[in-house]
Structures are given as C-alpha cells and as structure tokens.
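Asker: I would like the atomic coordinates for the input below:
(chains A and B)
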Amino acid sequence: MKNKNSLLKKITGSREASLVIVLIVLLVVISIMSPSFLSPSNIGQIFRNNALTLLMALGMLCVMLTSGIDISITSTLAFTGMSIGLLQKYDVIHNTLLLFAIGTLIGLICGTINGLIIAKGKVAPIICTMGFMYIWRGMAYVISNNNWASGADVAGFSDFGKDGAIGPYVILTVAYIVFFVMMKWTKFGRSIYAVGSNVEAARISGINVERTIISAYSIMGMLAGIAGVLSVSIYASAQPNMQYGKEMDVIAACVIGGVSMSGGRGSVVGTFLGAIIIAVIAKALPLVGIDAIAQNLVKGAIILFVVVLNVITQRTMDKQALMRREM
Amino acid sequence: MAGKSGRTISNTPSGGLKEKIVSLEGALVLALIAVNILGACLSPTYNFTNIMRESPRYLAEIFMLFGMGFILVLGDIDISVGAIVCLSATVGCLSSNAGMPIGLVILITLATGLVCGMINGFIATQFTELPTMIITLGTQIIFRGIAEVALGSGGSASMNDIAGIGVLRVKVGPFPISFFLVILFAAHFITALSRTTFGRKLYAIGSSKTAAYYAGVEVQKIRFFCYSLLGFLAGMCGMFLLASTYGANTTTGQGFEMEVIAMCVFGGIATTGGKGNLVGAFIASFIIVCLRIALGQINMNTQLILVIIGAMLITSVLIPAFREKFWKKKA
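Answerer: Numbering: from 1, shown residues only, chains lettered A, B, ... in the order given. A predicted model of the protein is given here:
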C-alpha cells in the first residue's frame, strides 16, 4: 500500500512524468484526428523545423538556472547566420566545418560579452540582453547592407541541413547527450544549479559564481551561434530578420519544461519535453481549425497558463506539506 | 545619493548651485545640449520647426515614460508596453473604420490600454511568486497576438477617417498638442513621485517589499495601480501614434519597451528598484528624441539607430558598476 502510494506520488510529483503524460495525450488526440501525424517522416519534419528552438533551449536552460534570462539569442543567431551567409555569398569560405567553427566562435563572443556585463557589471540580465537584442539584430542589418544570401549562394553548404539530410539530427543528438551528462554529472553542471539555488551558499562553498554565470551566457551564445549556422543550412538562405521573435519559443519551451524563472530548478529532459510539446501544439493548431495567424496568441496563452499553474501547484504542495507537519 | 538623514530614498539633489550642476540631472542637461549641437552640425535641416514637425511620433512614446518610471522604482518591469501600444492602436483604427465617432474611438483606444495594464497588474498581484518579467513576456505575446488576429492576413490597417483623428493633431503655435500634454503629465507625475506620500511609498516598496508591507503600505494595491497606469499611458501612446501615422500594423510599437526602459535607465532610475527620479528620466527622454530626429534627418539606417540606442543603454547601466570600482580603488 505504502509502495503504491509513493509510486503514484513519484509520477504526479515529477515534472518530467507529467510532461510525458501531457505529450502522450496530445499525440493520441492528434493522431485520432489526423492519422498521418505520427508517420516517421512527419516526426522527422517536426524535429527538423524545431531544431533551432531545441538547440537553443539547452543554453536557455543554463541561463535560467542561474536565475537569468537571455532575450538576445535570436539576434545573435541572425548576426551569425548573416555573417555565414555573406562569407559564402562573396566566395570567401565554402568549407562546412570551417563555417560552423566561425559561427560557433561569433556566438561564443556575443554570449561572453553578455556574461561579462551581467556578472562583472552587475546589470540585470533582461536589460543587458534587451540592449544586445537590438545591437546584434541591427548589426545583422548593417553587415547585410540590404542584401541577403539566397539558396544559390549557399548551395553546397545547405546540403548539410537540407530535407532528408541527417546533419540537424546529429547536432541535436550530440548536444542533448553532452548537456544531459554535463548538467547531471559534472562539477560545472552542478555548480550552475548551485548558483541558481542560492548564490551566497554557492559562493561560500567555494564556487566561482561570476565565472559560472559568464560560462552560462557563453554557452547560450555558442549554441545561438551554432543555431545561426544551422538555420542558414536548413532554410538555405540568410536574411537579417531571420527567426525574429522566436526567443519567446525558446523561453516558453524551458518554462513549460519546468525550468524555474527564479533559478535552480529545471532539467535537460524537461526542457526537451517542453520544446517538443510546443512544437507538437504549433503543428496541431491547423488540424483543430485554428488559423496560423492565431498561433502567437495561443502560444502566449499557453506560457501564461503554465507559469500560473506552476504557482498554484506549488502553493497547494506547500500547504499540504504544512498540514502533514502539523499532523 | 544619500540625503542628510542618510536615507537613500531621498533622490532629489539638495544644496547649492555647484552641487546641482555636478548632479546627474545637470550632466543630462549638458548631454541634451550636446546632442542638439551635434544634430545641428550633422544635419542642415535640424532646426526648431522641423523638430516640432517630426516630434509627435516621438512625443507619443514619452507618455509611457512616467508609468515605466513608477514600475521600475517599484522594482518591477513591464516589457509588454510595445504590444499594448500595438493592440490599442489596432483597436482604435478598426473601431474608427467601423464608423464610430472620434470621441468614442479615443475612449476605446485608451480603455484598451487600461484593460491590458489591468490584466498585467491583476496577474502580477495575484501571483506574486512570479517574476513580472515572465508575466509581461507572456502577455506581450498575447496582446500582439490579439492584434495580429484582429488585423487579419494583411497585417495592417489604415484609417479611412483621417479628418476625425485630426483633433489630436491640433497645433498651438508651433507646438503640437501632445507637447503640452507631455509637459502637463511630466509636472504631475514628477511631483507625485518626489513630493507626495504616494511617491514615497513607491520608493519604500522598491527598496523592500516586505518592509513596506509591514510598515502598512498597501503594496499589492499600489502595484496594481501602477500597472494599470502604465497600460493607460501605453493606450495614450497608441492613440497619438494612430494620429500621426493614420494606421496600425503588426509591427507598431515594436521596440518601444526597450526605448522607454532606456530613457528611464539613462535618467538614473535603477532597474533594481527604489532609486532614481523622473526628472532625470524626462530629460533623458528628450536626449533620445533629439538624437533620433537628428539621425533620422541624415537618413541613417533605422536599424543602426537602434544599435546606437542599444549601445547607449548598455553603457549607461554599466556606469554605476564602473563608478563603484573607481571609488573603491581611490579609497
């Protein structure tokens, strides 16, 4: 009896388990309405179309664990993507590996600047990244000089991420495995959690708080850079306005996945499930007759609903814990 | 900026002329003059008449400054204002096209902003555990999402009845009517923040919500009021924007939240709450407006202007940290 009770509690208490249940319910309902939804090619499409969100959600997890936020990521993505696109347009570099290296480096630099200003300058993360959101996006426009790299410009490079290529899947798989291991079993991963849970305690126990925060933003920037290169490859073009406003999707994925806005709580698995749930919902909206134009509205409503639900469950849990103690 | 009694909430500079000049407000006035000289050097058309002619679109933004100042002093933030501007301009435009009289259109536009602000305020006060940033992030998507749905697939709407909205374009001498309104609002809100009990309560909440609560300040009521006020002012911005652009689209008001926050931060209002005053922010807002007009006149890329404002924002928030470091080294 006691055993069964604890198993039940484990399922209802675990964020990941409840997310899996939500996902299964969603998938069952959708595949009843549209049987072709669960075909392997369609699932592959979902992953490919949301590869950028899935990838950047990992970085956002790190940043949000340190109780920060980064809304400059899609601008970093656009700046990196635009640079990569132009390097090919003007026939400077065509080597895929080298382009990825350059993109990663640009993203890393952008992220590190964020981290330095936030950790060393004691600037609120939202303010700092809001500034850079406009700076990097504007820089993307400035370097593009009203040109954009088209499919012909990035011809050879787009083979990496074109429909049917395994490139995006490989990057996603590697990134998720690396982050799962890093966040769970490495000293660095645990120190991110420590800083987010209690800065003072982390500092006293000998963790270099500033360096941890800078690293979190650097990782975020690096992933945004990789996402920028990937985006050029997947969509076979680079414009300054690419992925505009999509940082909300990334934040939403984390929030739905159970990453706490005040830091210290969240997991790689949860983030993954959150991103997938958003992707599935976006894909399913047309099926239930909601116009594509209302997608943002629904997305915003879901985010707000989930964060409010989080608060309410937390409150009831606290109340129950208090009652149990009194008994 | 501790006052004579050592209280940090005393933010108005006191003392002689010298102290006033070296204060932040003095520096801002100098910066304003510098920006105007720069504008005059850069652009041959940078003169009083042209500034006044181009100002209505920018003046509309300044209305939100006062509400945002209050919110930041409280230690909160609202990044949904750009979306509220978009939604209220959209609603105003569509209701005017539906044939409503101009008086009603104005009322509806303002009411839309107020309701949006009240929604923000309601969620922020009912679920105090949530950071206000994530709340307004969510409502931002929702408000703009509603506007997107209302505008339909075209993504934009233009006003049929241009003559009606002309009421808001009336000029008194060279000054547009919104100029006087901004001055009036500035006088009112600056006094409210620095000279009334209400204003002191805002600083108290911003310094420590818990302490303010135990001292008998009705924290949640005031927060709700400030969010509603900011929503109303964003509606006002939407209204004047509608009057100067004759239409609304899905990108209306994009980036306004950053500009308004930037104005406040330049003006010395700390985003951590409890510090700064609206005088500085008000002067800073004119610095940004003059800069934008000047750069706009030399046909600088709008995106590049945003880069410059973004860079200025980052620099200005870094100044306190640098100053602290400098003082520490000296001591």
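Asker: and the pLDDT for residue B:173?
Answerer: Here the pLDDT value assigned to residue B:173 is 76.
Asker: and residue B:252, what helix or strand is that in?
Answerer: Under the assignment given by DSSP states H and E, residue B:252 is not contained in any helix or strand.
Asker: tally of neighbours for it?
Answerer: A total of 26 residues lie near residue B:252 under the criterion other C-beta atoms under 10 Å in any protein chain shown. For every residue, glycine as well, the C-beta is placed using N, CA and C.
Asker: that one reaches residue B:88, doesn't it?
Answerer: No. Between residue B:252 and residue B:88 there is no contact, the gap being 9.5 Å when judged by C-beta atoms under 8 Å.
Asker: where along the stretch 151-300 of chain B do the helices fall?
Answerer: Taking DSSP state H, counting those that start in this stretch, the helices of the stretch 151-300 of chain B run over residues B:162-165, B:177-195, B:197-207, B:209-214, B:219-245, B:256-266, B:278-297.
Asker: export stretch B:33-48 to PDB, keeping only CA atoms.
Answerer: Output in PDB follows, covering the C-alpha atoms of stretch B:33-48 (Å, rounded to 0.1, in the frame of the first residue of the first chain):
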ATOM      1  CA  ILE B  33      22.600  70.500 -25.200                       C
ATOM      2  CA  ALA B  34      25.500  68.500 -26.700                       C
ATOM      3  CA  VAL B  35      23.100  66.300 -28.700                       C
ATOM      4  CA  ASN B  36      21.400  69.300 -30.100                       C
ATOM      5  CA  ILE B  37      24.700  70.900 -31.100                       C
ATOM      6  CA  LEU B  38      25.600  67.500 -32.700                       C
ATOM      7  CA  GLY B  39      22.300  67.500 -34.500                       C
ATOM      8  CA  ALA B  40      22.800  71.000 -35.800                       C
ATOM      9  CA  CYS B  41      26.300  70.000 -37.100                       C
ATOM     10  CA  LEU B  42      25.200  66.800 -38.700                       C
ATOM     11  CA  SER B  43      22.100  67.900 -40.400                       C
ATOM     12  CA  PRO B  44      21.400  71.300 -42.100                       C
ATOM     13  CA  THR B  45      17.600  70.800 -41.600                       C
ATOM     14  CA  TYR B  46      17.900  70.300 -37.900                       C
ATOM     15  CA  ASN B  47      16.000  73.300 -36.600                       C
ATOM     16  CA  PHE B  48      13.200  74.100 -34.300                       C
END
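Asker: by contact count, what packs against whichever helix in chain B runs longest?
Answerer: With secondary structure taken from DSSP state H, chain B has its longest helix at helix B:302-330. Under the contact definition 3 or more C-beta pairs under 8 Å, 6 or more residues apart in numbering or on different chains; DSSP states H and E, helix B:302-330 sits against helix A:96-120, helix A:125-144, helix B:256-266, helix B:278-297.
Asker: just the angle for the third one relative to helix B:302-330, thanks.
Answerer: Relative orientation of helix B:256-266 versus helix B:302-330 (axes from the mean of the first three to the mean of the last three C-alpha atoms, to 10 degrees): 30 degrees.
Asker: helix B:256-266 to helix A:125-144, inter-axis angle?
Answerer: Here helix B:256-266 points in a direction 120 degrees away from that of helix A:125-144 (the same axes, to 10 degrees).
Asker: quick one, strands of chain A?
Answerer: Secondary structure of chain A (DSSP state E): no strands located.
Asker: lowest-pLDDT helix or strand in it?
Answerer: Ranking every helix and strand in chain A by mean pLDDT, DSSP states H and E puts helix A:2-13 at the bottom, with a mean of 58.
Asker: that older thread, need the residues touching each of residue B:252 and residue B:88.
Answerer: Overlap between the contact sets of residue B:252 and residue B:88, as judged by C-beta atoms under 8 Å, 6 or more residues apart in numbering or on different chains, is given by residue B:238.
Asker: re earlier: off-centre distance for the longest helix of chain B?
Answerer: Centroid displacement of helix B:302-330 relative to its chain, using C-alpha atoms, centre = their mean, to the nearest Å, is 19 Å.
Asker: what about it, average pLDDT?
Answerer: In this model, helix B:302-330 has an average pLDDT of 79.
Asker: how about it: buried residues?
Answerer: Within helix B:302-330, the residues that count as buried by 16 or more other C-beta atoms under 10 Å in any protein chain shown are B:303, B:305-310, B:312-314, B:316-318, B:320.
Asker: and the angle from that helix to helix B:278-297?
Answerer: For helix B:302-330 against helix B:278-297, the angle between stretch directions is 140 degrees (the same axes, to 10 degrees).
Asker: returning to what we had before: hey, which of the helices and strands packed on helix B:302-330 is tucked in deepest?
Answerer: Per-residue neighbour counts averaged over each of the helices and strands packed on helix B:302-330 give the maximum for helix B:256-266, namely a mean of 26 (mean count of other C-beta atoms under 10 Å in any protein chain shown).
Asker: tell me the helices and strands packed up against that helix.
Answerer: Using 3+ C-beta pairs under 8 Å, 6+ apart as the contact criterion, the elements in contact with helix B:256-266 are helix A:125-144, helix B:48-73, helix B:81-97, helix B:278-297, helix B:302-330.
Asker: any stretches of the chain with poor pLDDT?
Answerer: This is for chain A. Low-confidence regions of chain A, defined by pLDDT under 70, span residues A:1-13, A:327.
Asker: oops, I was thinking of chain B
Answerer: In the predicted model, chain B carries pLDDT under 70 at residues B:1-22, B:327-331.
Asker: reformat the helices and strands packed on helix B:256-266 as a markdown table; add distance to residue A:78.
Answerer: Listed next are these as a markdown table, based on distance: least, C-beta to C-beta, whole Å:
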| stretch | distance to residue A:78 |
| --- | --- |
| helix A:125-144 | 4 |
| helix B:48-73 | 25 |
| helix B:81-97 | 19 |
| helix B:278-297 | 22 |
| helix B:302-330 | 11 |
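Asker: of those, which is nearest residue B:205?
Answerer: helix B:48-73 (8.2 Å; C-beta to C-beta).
Asker: may I see the buried residues of that closest one?
Answerer: Neighbour counts over helix B:48-73 (16+ other C-beta under 10 Å) mark B:51-52, B:54-73 as buried.
Asker: excluding chain neighbours, what is closest to residue A:220?
Answerer: Computed as C-beta to C-beta, 6 or more residues apart in numbering or on different chains, the closest residue to residue A:220 that is not its neighbour in sequence is residue A:59, at 3.4 Å.
Asker: what's the neighbour count on that neighbour?
Answerer: Using other C-beta under 10 Å, residue A:59 is surrounded by 29 other residues.
Asker: equivalent analysis for the one 3 residues further on, please.
Answerer: Taking other C-beta under 10 Å as the neighbour definition, residue A:62 ends up with a count of 30.
Asker: which residues does the closest residue to it other than its chain neighbours contact?
Answerer: Among residues not flanking residue A:62 along the chain, residue A:216 sits closest, at 4.3 Å (C-beta to C-beta, 6+ apart). By C-beta under 8 Å, 6+ apart, residue A:216 lies in contact with A:62-63, A:65-66, A:68, A:115, A:192.
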